[in-house]
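> Build me a model:
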Amino acid sequence: MACSAGGFSIKFAASKGSKDTSSTMSTAWAAALLVVFSCAATITVQGKAIENHLDICSGVVCRPGRTCQILDNGLPSCQCVHHCPASTKPVCGSNGVSYENHCLLHRDACLRQVHISIKHKGLCKRSKVRPPHHKHSQKPVVCLQHERDRLRRKFVELLEDKVTSGRHYTSVVASTFRNCDRDADDVLDTHELLSCIRRNHTAFHTWLGHRGESVGTLCIDAMVEVADRNSDWVLTMKEFQAFMAANYRPPVKECHLDGKRYKDGEEIVILCSICVCTGGDWTCAGNICETKAHKKEKKGHHHHGENENSIPHQKWEQLLKDLNS
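Model (predicted):
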């Protein structure tokens, strides 16, 4: 066998007098394939090794949200895209989630390993299950799964930017863990992780946008929750490395109620309170049901104690427990 400078050529011949020519040919073809990939990696011209300009990915067609990359073994593979353009052309996904552009939708589908199609252009419309319309109704502050995942992605991108020819991504992650671990107890809690991410002021506040600070804190909690394998609410080095791996796919959870399934971000109304599905659990705002009698009472400024339709704290805690059981 031989490699040529202009590309590669393969020569082989079956042994004369062989009783099993087909076996010999199969072995030769297998060896030939090894030469193809080894020759395609680099070639030598005038004693200098240069990268082969043959584009191995030129004949590979990947689905939306994926791009062709050359693996360590030299083979092409369709992988989820790392970055999307910063264009703002919102689309509504079939999962009921709004995305800033179609690239982010397809990338999210790739990372989650689910099918998400574009339902229509523009932001998603409100859920069919509408919240109560009286002015005292409030929505709970929550961190949705796609917000949690985007914050994690921002953090991953920051670490990827620190990778150099002599410093691999795994080394960057390990170094980041040690820098974030302020009390040097070999674990990260939510406060340390939040403080660590906030040091990258621009990236954090770009993600935060119009969201309140409380949403940022909740999303850090959500990140720790999915990364924490033994449910002790702190992350070991091993848990942090697994969570920050570029190919890690955060879990996608749904909520269940009365035999129905609800996607992340969907809302329902229970006892006049708005409940939002977030991370597989229901989070509710404890609003008080306002009856006609209560309205008249407020109008006349007559107060006779607690409204009979208000929800006692103990009952509310039990309701949430039943919802998420």
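> And the helix or strand hosting V172, what does it pack against?
Using DSSP states H and E, V172 maps to helix 169-180. Judged by 3 or more CB pairs under 8 Å, 6 or more residues apart in numbering; DSSP states H and E, helix 169-180 is in contact with helix 145-160, helix 190-199, helix 237-244. All C-beta spots, glycine's among them, are computed from the backbone N, C-alpha and C.
> tell me which residues in the first one are buried?
Yep, that's helix 145-160 we're talking about. The neighbour-count check on helix 145-160 (16 or more other CB atoms under 10 Å) flags 145-156, 158-159 as buried.
> Outside of it itself, list whatever touches it.
Residues from elsewhere that reach helix 145-160 (CB atoms under 8 Å, 6 or more residues apart in numbering): 82-83, 97, 108, 111, 169, 172-173, 176, 197, 200, 203-204, 206-207, 211, 215-216, 219-220, 222-223, 226, 243-244, 246, 250, 252-253, 264-265, 278-279.
> what's the angle from it to helix 169-180?
Orientation check (axes from the mean of the first three to the mean of the last three CA atoms, to 10 degrees): helix 145-160 against helix 169-180 gives 100 degrees.
> Let me know how buried the closest residue to I56 other than its chain neighbours is, in neighbour terms.
With sequence-adjacent residues excluded and distances taken as CB to CB, 6 or more residues apart in numbering, I56 is closest to P76, at 5.1 Å. Applying other CB atoms under 10 Å, we find 16 residues neighbouring P76.
> cool, and L208?
So L208, with other CB under 10 Å, has 17 neighbours.
> can you check L193 too?
As a burial measure, L193 scores 22 neighbours (other CB under 10 Å).
> Relative to L104, how far out is it?
Separation of L193 from L104 (CB to CB, to the nearest Å) stands at 24 Å.
> Go ahead and confirm R112 touches R249.
Yes. R112 lies in contact with R249 (CB atoms under 8 Å); the separation is 6.2 Å.
> Give me the more crowded residue out of the two.
Shown here are R112 and R249; by other CB under 10 Å, R112 has more neighbours (18 against 13).
> Could you find the closest non-adjacent residue to the more buried one?
Distances taken as CB to CB, 6+ apart place V252 nearest to R112, at 5.2 Å, with adjacent residues excluded.
> hang on, that neighbour in a helix?
No. With DSSP: H, G, I helix; E, B strand; the rest coil as the criterion, V252 is assigned coil and is not in a helix.
> residues contacting it?
When contacts are counted by CB under 8 Å, 6+ apart, V252 touches R112, V114, Q145, D264.
> Looking at pLDDT only, which of those scores worst?
For those, the model is least confident at R112; its pLDDT is 77.
> What is the least confident helix or strand in this structure?
Between all helices and strands in the chain, the lowest mean by mean pLDDT, DSSP states H and E belongs to strand 48-51, at a mean of 33.
> Could you identify the helix or strand that succeeds that one?
strand 66-70.
> what lines up beside that following strand in the sheet?
strand 76-80 (antiparallel) (DSSP bridges).
> Hmm, I197 is touching I220, no?
Yes. Contact criterion CB under 8 Å: I197 and I220 qualify, at 7.0 Å.
> Tell me, please, where in the stretch 201-325 of the chain the pLDDT is lower than the cut-off.
Along the stretch 201-325 of the chain, segments meeting pLDDT under 70 span 201, 210, 286-325.
> mind redoing it with 50?
The stretch 201-325 of the chain contains residues with pLDDT under 50 at 292-295, 298, 301-310.
> All the helices of it, residue numbers only.
Ranges of helices in the stretch 201-325 of the chain, per DSSP state H, counting those that start in this stretch, are 201-208, 213-227, 237-244, 292-299, 313-323.
> residues near R66, how many?
18.
> does it really touch C78, like I thought?
Yes. R66 is in contact with C78 according to CB under 8 Å; the separation is 4.2 Å.
> okay, and for the stretch 1-150 of the chain, where does confidence drop off?
Applying pLDDT under 50 to the stretch 1-150 of the chain flags the ranges 1-54, 127-136.
> switch the cut-off to 80
Residue ranges of the stretch 1-150 of the chain with pLDDT under 80: 1-55, 72, 82-83, 86-88, 96-98, 100, 112-113, 123-139.
> Give me the distance between P140 and I268.
For P140 relative to I268 (CB to CB), the value is 12 Å.
> between the two, which one's more packed in?
I268 (21 against 16).
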